[in-house]
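Student: how would this look folded up:
(one chain, ligands or ions: 4)
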Amino acid sequence: QAKQAGRAMSRVFQPAMRDVSKDRLGLEAQLHHVLEREELVVHYQPVVSLATRQVVGLEALVRWQHPQRGLLLPEAFIPLAEEHHLVGAIDRWVLQEVGRQVARWQRQRRGTQKLWMNVNVSAQDLTQVAAVTAHLRALAFPAPWQVMVELTERVLMHRTDADPSALEGLRQAQVQLVVDDFGMGFSSLSRLHRLPVSVLKVDRSFVAALEEDIELVRAMVSMGRALGMVMVAEGIETEAQYHRLVEIGVEAGQGWLFAPALPADQVNAYLPHSRKRRRSIDRP
Ligand code: C2E
Ligand code: MG
Ligand code: MG
Ligand code: MG
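Tutor: Ligands and ions are numbered 1, 2, ... in the order given. Coordinates of the predicted model:
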């Protein structure tokens, strides 16, 4: 009877499970060709000064324009790319594409004053961070844009004891580090203080919980301040969240309240044009 039940179960569950693994296999195989087939695109999410709501920078976010499945978000393929050690190549391509796009904007006389350009890097090991640094140097990323490399707190904390020299490379390349998803890992304050980190990006889960718990974020911000960090909040969706973040003194933020991640041509409207004089925040 158990056997029968088992067979019934397998009839119910197997087709779906088979689909999932086939799905994965299919994606895996295609992921190996994603660069040569030029299927990746970069979208950009504006980062605004909370005081003025003016754009102070952009975050580059990769997407996979899949020929059958449509636009795939990073969560659908970055973990897979990490597993298969393809993420380093993807990250380098993103940097290159971002460099090309910034040059395009500069030719259009957009972004001719200081703006941040944040890129995400999955450093599985810090030699990858070193490779990114070398890559950035070779790109000669055009000033006055300031590149910032976002690393998650988990990566930053776990990998830095092993090889501080890789971070020294970033320091020398004059790249600023952003601790992404701040609050989700366990930052050692003393270590944060020693790293070339200038921005802490408060994870959006804390922003989402602001109405219930403003004190937690307040504490995170005062800690960041004490370390001389610029505080940025991610995932701002409502005016209520926005006002609380202003009240706490967070400098900058991003979220659907202002703008989602957009294709480059749609970001134009957000970028200050050189003929108009605009203020931007100076730090870092
Ligand atoms: P992240 O760096 O923390 O990026 C923020 C994510 O929040 C983005 O998702 C963004 O689209 C989303 N978001 C922005 N505003 C809001 C909002 O108001 N509400 C909500 N609920 N979400 C918002 P996305 O683009 O799907 O990226 C997910 C993650 O994938 C990123 O998290 C980043 O860790 C990673 N990623 C993105 N691009 C790259 C890349 O080029 N290389 C690597 N290695 N990882 C990347
Ligand atoms: Mg990020
Ligand atoms: Mg983040
Ligand atoms: Mg996040």
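Student: which residues touch Ala264?
Tutor: Ala264 is in contact with Val42, His43, Tyr44, Gln101, Arg104, counting by C-beta atoms under 8 Å, 6 or more residues apart in numbering. Glycine gets a C-beta too; all of them are placed from N, C-alpha and C.
Student: quick one: name the residues of the stretch 101-250 of the chain near ligand 1.
Tutor: Asn120, Val121, Ser122, Glu150, Asp180, Asp181, Arg204, Glu234, Gly235, Ile236, Glu237 (C-beta under 6 Å from any ligand atom).
Student: and the two most separated of the contacts of Ala264?
Tutor: Taking C-beta to C-beta as the measure, the contacts of Ala264 span a maximum distance of 14.9 Å, between His43 and Arg104.
Student: more neighbours, those two?
Tutor: Legend: neighbour count by other C-beta atoms under 10 Å for His43 and Arg104, higher for His43 (19 against 14).
Student: can I assume the more buried one sits in a helix?
Tutor: No - the assignment for His43 (DSSP: H, G, I helix; E, B strand; the rest coil) gives strand, which keeps it out of a helix.
Student: how about the residues of the protein by ligand 3?
Tutor: Asp180, Asp181, Glu234 (C-beta under 5 Å from the ion).
Student: most neighbours, which of those?
Tutor: Asp180 (26 neighbours).
Student: could you say which helix or strand holds that residue?
Tutor: strand 176-182 (DSSP states H and E).
Student: what does that strand rub up against?
Tutor: 118, 120, 146-154, 156, 167, 170, 187, 192, 195-203, 220, 224, 232, 284.
Student: model confidence over it, on average?
Tutor: Strand 176-182 comes out with an average pLDDT of 90.
Student: no further questions, thank you.
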